[in-house]
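[1] Fold the stuff below for me.
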Amino acid sequence: MKNKTLIMLCALCVSVAVVLNLNCNNENWILFRASQDYFPLANGNTWHYQTDNTATVIEVKNDTIINNIKATIVTRNFENQYWLKNQGEVKKLTLRTVNYGGNDYLIQQSWLLQYRLPFIIGSTWSDVFTDTVDVLGDTYYIKETITRQIIPAIEHINVPAGSFFEVYRIDFVETCQINDSLESYTGSEWFAPGVGLVKRVANNMEQVLTDYLIE
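    Residues are numbered from 1 along each chain as shown. Presented below is the predicted three-dimensional model:
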């Protein structure tokens, strides 16, 4: 009986130790994720992506002032985009134009919330822009919406650029309505610590990271 009791006590001690170890490891991973940059916008950072036979290169350039706001220039296949990362929010400037007689007329200029930092499992956010614009007698009704949610799981993912651990998956819905025309995108994005976006699936089209340089 003494031996049986001793064995039971030893098993209990081992179980407690395992649980404590798992809890400790879990806390360590939480602290690790909280300390990492999942959206690094340092000058010179570069990401190469592949979608079927289409290659995309994204590179962070210098900061600039646009509409009295300090933003970061990020080129997508050498075309400028403008991003703002400040106070736990990442926003992107949408510039939308229409062409009349060879001239472009601006119908949308808005900063839309893309991500909230730090990433927290289960968190959601959204943003919406609406406006009605008149261009040479034609009226444009515009409504753009963005909704994202971090799913309650941390993943390990393999892409051509390598294997990544402690990856957040974010599900999203994006829509843009201009008068009677509606574009809609649904899918998921995967963000790796210290690297950023490593995979994106939108309307069943997959984009994966093939190479990157993080300064």
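
[2] CA atoms for contacts and neighbours, from now on please.
    OK.

[3] domain assignment for the protein?
    1-35, 38-213 (automatic domain parsing).

[4] Quick check: which of the ones you listed is buried the most?
    The highest mean neighbour count among these, using mean count of other C-alpha atoms under 10 Å, belongs to domain 38-213: a mean of 16.

[5] that older thread, averaging pLDDT over each of the domains of the chain, which comes out lowest?
    Among the domains of the chain, domain 1-35 carries the lowest mean pLDDT, a mean of 53.

[6] how close does residue 82 get to residue 75?
    Separation of residue 82 from residue 75 (C-alpha to C-alpha, to the nearest Å) stands at 8 Å.

[7] same deal with residue 162?
    23 Å.

[8] With residue 100 instead?
    26 Å.

[9] remind me, longest strand of the protein?
    If you go by DSSP state E, the chain has its longest strand at strand 138-159.

[10] The protein: helices as residue ranges?
    Along the chain, the segments classed as helices by DSSP state H run 2-35.

[11] just so I have it, where are all the strands in it?
    Using DSSP E, the strands of the chain run over 46-51, 54-66, 69-76, 79-86, 89-100, 103-116, 124-135, 138-159, 162-178, 181-192, 196-202, 205-213.

[12] From the contact counts, what lies against the longest one?
    I take that to be strand 138-159. In terms of contacts (3 or more C-alpha pairs under 8 Å, 6 or more residues apart in numbering; DSSP states H and E), strand 138-159 is packed against strand 103-116, strand 124-135, strand 162-178, strand 205-213.
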